[in-house]
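> please work out how this folds:
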Amino acid sequence: MSIIDTFDCNGEEIIKAKNNVRMIENFPKTMLVVFQARFCELFLKQYNAFKIGALHVCGHKIPIYQFTYKGTEFGFFNSVLGGAGAAALLEEIIALGAEKILYFGVCGALDKKIAEGQLLVPIAAYRDEGVSYHYAEASDYLEIATADKLIEIFEEMHVPYKATKTWTTDAFYRETKRNMERRKVEGCGAVEMECASVMSVGQFRKKEVYQFLYAGDCLGDSSWDKRILGNMPKDMRERILLVALEVATRL
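The predicted structure is shown next:
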């Protein structure tokens, strides 16, 4: 059976996320999710967050934090990289009670005109991964249902951004020049590893999942420009975290 035939719309799951989590009383309805430890460290230094539980991955515990921002309670955690792991953790926080989830993470720019640190709002994700084919009918691109609302919020906040298609791939070390050029022709301005996966989970589970990206490295031609990947200036990280917090208050 081809992967494009694996979407079993009405099939009941054998393993359910609710059976793998320990319920947390008064779990936050809105969650912020990052993919980098430095963002998590910055968040913990600047906001009075406290641990309310943990997600368990391969024998490791991923803490879940709760905090108050402008009078509203939110949750926060540092997800694993990659579509499969991120999607599984999303299933678990949905099982715990999350209704709105905002992801923000680094991406590779596919256009040299996209500056390092520039914010990008994905409007559709090329499905070069496996998770989404179990949550949505087969198609080359997954249209992102929450993109319009996120763009409205960015406009309201007067935050500079670029709306673009994105290339979600599982194969970090197999991003070839030929495939990169194909995605660019189709309108992709970014490449990352989670968008199609987590968005398909959110849309299937009928939860509001949002994501914005910030440009780190650049794959604009046959060479790789590392730019700020792994070495983002602290003030830029602070600015992006503040954008995420302000967006969360408006969801």
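
> can you give me the helices for this protein?
37-46, 83-96, 147-157, 177-185, 195-204, 234-250 (DSSP state H).

> winner for burial among those?
Among the helices of the chain, the stretch with the highest mean neighbour count (mean count of other CB atoms under 10 Å) is helix 195-204, at a mean of 26. In short, each C-beta sits where N, CA and C put it, glycine included.

> by contact count, what packs against it?
helix 83-96, strand 100-109, strand 119-128, strand 141-143, strand 162-169, strand 208-218 (3 or more CB pairs under 8 Å, 6 or more residues apart in numbering; DSSP states H and E).

> check the offset of it from the chain's centre.
Remark: helix 195-204 is offset 9 Å from the chain centroid, using CA atoms, centre = their mean, to the nearest Å.

> any idea of the angle that helix forms with helix 83-96?
Calculated by axes from the mean of the first three to the mean of the last three CA atoms, to 10 degrees, helix 195-204 forms an angle of 30 degrees with helix 83-96.

> averaged pLDDT, helix 195-204. What do you get?
For helix 195-204, mean pLDDT is 98.

> using PDB, write out every CA atom in it.
Output in PDB follows, covering the C-alpha atoms of helix 195-204 (Å, rounded to 0.1, in the frame of the first residue of the first chain):
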ATOM      1  CA  CYS A 195       5.000  22.400  10.000                       C
ATOM      2  CA  ALA A 196       3.100  19.900   7.900                       C
ATOM      3  CA  SER A 197       3.100  17.300  10.700                       C
ATOM      4  CA  VAL A 198       1.800  19.400  13.600                       C
ATOM      5  CA  MET A 199      -0.700  21.300  11.400                       C
ATOM      6  CA  SER A 200      -2.200  18.100  10.100                       C
ATOM      7  CA  VAL A 201      -2.600  16.900  13.700                       C
ATOM      8  CA  GLY A 202      -4.300  20.100  14.800                       C
ATOM      9  CA  GLN A 203      -6.700  20.200  11.800                       C
ATOM     10  CA  PHE A 204      -7.600  16.500  12.300                       C
END
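
> now the residue most central in space within the chain: closest residue in space, sequence neighbours ignored.
Taking CA atoms, centre = their mean, the centroid of the chain lies closest to Y103, which sits 3.9 Å from it. The shortest distance from Y103 to any non-neighbouring residue, by CB to CB, 6 or more residues apart in numbering, is to Q211 (4.1 Å).

> tell me the contacts of that neighbour?
Taking CB atoms under 8 Å, 6 or more residues apart in numbering, we find Q211 in contact with 102-105, 122, 144, 150, 194-195, 198-199.

> could you rerun that using 10 Å?
By CB atoms under 10 Å, 6 or more residues apart in numbering, Q211 lies in contact with 33, 101-105, 107, 120-122, 125, 144, 146-147, 150, 166, 192, 194-195, 198-199, 202.

> just E41 next, same as before
78, 237.

> let's see 6 Å
By CB atoms under 6 Å, 6 or more residues apart in numbering, the contact set of E41 is empty.

> now the one 10 residues further on
With CB under 6 Å, 6+ apart as the criterion, the residues that contact K51 are 63, 65.

> could you give the bridge partners of it?
Legend: beta-bridge partners of K51 under DSSP bridges are Y65.

> from now on call the first residue 409
OK, 409 is where the count begins now, so the last one is K459.
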